[in-house]
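1. coords below, sequence missing:
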């Protein structure tokens with residue numbers, strides 16, 4: 001059985017690693033959330049990138065801005 005000092009030392013050693021793992025998981029969740037949102041918008045024609053072929057050359061529009069390709 002662990003005494004309180006040993007247990008607190010073990011917890012202290014685990015915390016930085018666990019925080020790093022949690023931060024990594026949170027960052028991955030954020031990236032996946034934005035990717036899922038962008039794919040959904042692209043499928044629904046709401047946002048994302050689209051090619052406007054009505055202009056003389058191909059233009060890529062990203063929501064409100066239009067850039068020559």
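-> Arrived safely. Everything numeric here is computed off the predicted structure, so don't read it as measured data.
2. quick one: low-confidence ranges for this protein?
-> Scanning the chain with the threshold set as pLDDT under 70 gives 1-14, 16-17, 45-69.
3. how about 80 then?
-> Applying pLDDT under 80 to the chain flags the ranges 1-22, 34, 36-69.
4. measure residue 35 to residue 18 for me?
-> Distance of residue 35 to residue 18, given as C-beta to C-beta, to the nearest Å: 26 Å. From N, CA and C alone the C-beta is placed, and that goes for glycine too.
5. residue 27 now?
-> Using C-beta to C-beta, we find residue 27 at a distance of 15 Å from residue 18.
6. what of residue 30?
-> For residue 30, the distance to residue 18 (C-beta to C-beta) stands at 19 Å.
7. ditto for residue 41
-> Going from residue 41 to residue 18 by C-beta to C-beta gives 35 Å.
8. and residue 31, by the same measure?
-> Computed as C-beta to C-beta, the residue 31 to residue 18 distance reads 20 Å.
9. can you check residue 25 too?
-> Distance of residue 25 to residue 18, computed by C-beta to C-beta: 10 Å.
10. phi and psi next, for residue 38.
-> Here is the backbone geometry of residue 38 (degrees, to the nearest 10): phi -60, psi -40.
11. state the helix or strand in which residue 42 lies.
-> helix 4-44 (DSSP states H and E).
12. count the neighbours of residue 38 for me.
-> 13 (other C-beta atoms under 10 Å).
13. for residue 30, same thing?
-> Other residues lying near residue 30 total 10 when counted by other C-beta under 10 Å.
14. same check, this time on residue 21
-> The number of residues packed near residue 21 is 10, by other C-beta under 10 Å.
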